[in-house]
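structure for this input, please:
(chains A and B)
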Amino acid sequence: RKEVEQDPGPFNVPEGATVAFNCTYSNSASQSFFWYRQDCRKEPKLLMSVYSSGNEDGRFTAQLNRASQYISLLIRDSKLSDSATYLCVVYRYSSASKIIFGSGTRLSIRP
Amino acid sequence: EAGVVQSPRYKIIEKKQPVAFWCNPISGHNTLYWYRQNLGQGPELLIRYENEEAVDDSQLPKDRFSAERLKGVDSTLKIQPAELGDSAVYLCASSRDRKGEDVKNIQYFGAGTRLSVL
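All right, here's what the predicted structure looks like:
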């Protein structure tokens, strides 16, 4: 089992819809969490950090559930330009620090 | 502000040949990362530098891969000899991490080097 897992999708939703996907992690010592966005054949770019209390940035909301060991990303009023792969990233800062990317969830917004 | 610069953008070589990638991080960023990304997968960390020191190279295949970051700025990643399975995109990223700062490890990626081994 991978330490960080994401549903690969693709999620195919109409413009204007709300879509959510999760990322589960297996190591409870994980400490920091991020969502990155990667367009086809481009580099990953930071979308948002994920804070314990949850955080919102415009149409995007990120949540952390430490008890169940997952983070989520909610996109409201989806736009065509939201079509991309969304990567979750998990950090551990222990003596053997680890940075682990999930395999990504592919999102496709249709007109 | 200039972003992370990588070169070359594309490289095609025959197996058993050596290859090197170069990365210039964002000015002032003390942490530098090299990743490998295969099609349909997330980036896999190969090595992480804090200044000149390699603090995590546990995923670097040391029999054929090597990296250096002289003077704590630019970095090179080398493969010798390359194998067919090394075909991938090699991404470099950098971040500014200062002790005491709340926000750490926000990584900025370069455009990557797409390696094809024939």
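
ok, for A:Thr24, nearest residue in space, not its chain neighbours?
A:Tyr70 (4.4 Å; C-beta to C-beta, 6 or more residues apart in numbering or on different chains). Heads up, the C-betas are built off the backbone N, CA and C, glycines and all.

tell me the spacing between the spatially closest residue to B:Asn30 that is not a sequence neighbour and B:Val73.
Nearest residue to B:Asn30 in three dimensions, chain neighbours excluded: B:Asn51, at 5.4 Å (C-beta to C-beta, 6+ apart). Using C-beta to C-beta, to the nearest Å, B:Asn51 is found at 9 Å from B:Val73.

note down every partner strand of the strand ranked longest in chain A and its orientation.
When chain A is parsed with DSSP state E, its longest strand is strand A:84-92. Strands that pair with strand A:84-92, judged by DSSP bridges, come out as strand A:32-38 (antiparallel), strand A:98-101 (antiparallel), strand A:105-110 (antiparallel).

can you list contacts of the longest one?
In other words, strand A:32-38. A:25, A:44-50, A:60, A:62, A:64, A:71, A:73, A:84-91, A:93, A:101, A:104, B:104-106 (C-beta atoms under 8 Å, 6 or more residues apart in numbering or on different chains).

stretch B:67-84 and chain A, any residue contact?
No: if you take C-beta under 8 Å from any C-beta of the partner chain as the test, stretch B:67-84 misses chain A, and the best it gets is 15.7 Å.

near chain A, which residues of chain B?
Neighbours of chain A within chain B, by C-beta under 8 Å from any C-beta: B:33, B:35, B:40-45, B:48, B:55-56, B:58, B:91, B:103-112.

for chain B, what's its nearest residue on chain A.
Closest residue of chain A to chain B, C-beta to the nearest C-beta: A:Phe101 (3.4 Å).

pLDDT at that residue, what is it?
Looking at A:Phe101, its pLDDT is 95.

kindly state the beta-bridge partners for it.
A:Val89.

and what of A:Val13?
A:Ile109.

any chance you could map the strands in chain A?
Under DSSP E, chain A gives strands at A:4-6, A:11-14, A:19-25, A:32-38, A:45-50, A:55-57, A:60-65, A:70-75, A:84-92, A:98-101, A:105-110.

would you turn those into JSON lines with distance to B:Lys15?
Compiled in JSON lines, the strands of chain A are given as follows (distance: least, C-beta to C-beta, whole Å):
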{"stretch": "strand A:4-6", "distance to B:Lys15": "31"}
{"stretch": "strand A:11-14", "distance to B:Lys15": "38"}
{"stretch": "strand A:19-25", "distance to B:Lys15": "36"}
{"stretch": "strand A:32-38", "distance to B:Lys15": "28"}
{"stretch": "strand A:45-50", "distance to B:Lys15": "33"}
{"stretch": "strand A:55-57", "distance to B:Lys15": "45"}
{"stretch": "strand A:60-65", "distance to B:Lys15": "43"}
{"stretch": "strand A:70-75", "distance to B:Lys15": "40"}
{"stretch": "strand A:84-92", "distance to B:Lys15": "29"}
{"stretch": "strand A:98-101", "distance to B:Lys15": "27"}
{"stretch": "strand A:105-110", "distance to B:Lys15": "31"}
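
buried deepest among these, which one?
Stretch with highest mean neighbour count among the strands of chain A: strand A:84-92 (a mean of 23; mean count of other C-beta atoms under 10 Å in any protein chain shown).

so what touches that one?
In contact with strand A:84-92 (C-beta under 8 Å, 6+ apart) are residues A:3-4, A:6, A:21, A:23, A:25, A:27, A:29-40, A:44, A:47, A:71, A:73, A:97-107, B:42-43, B:105.
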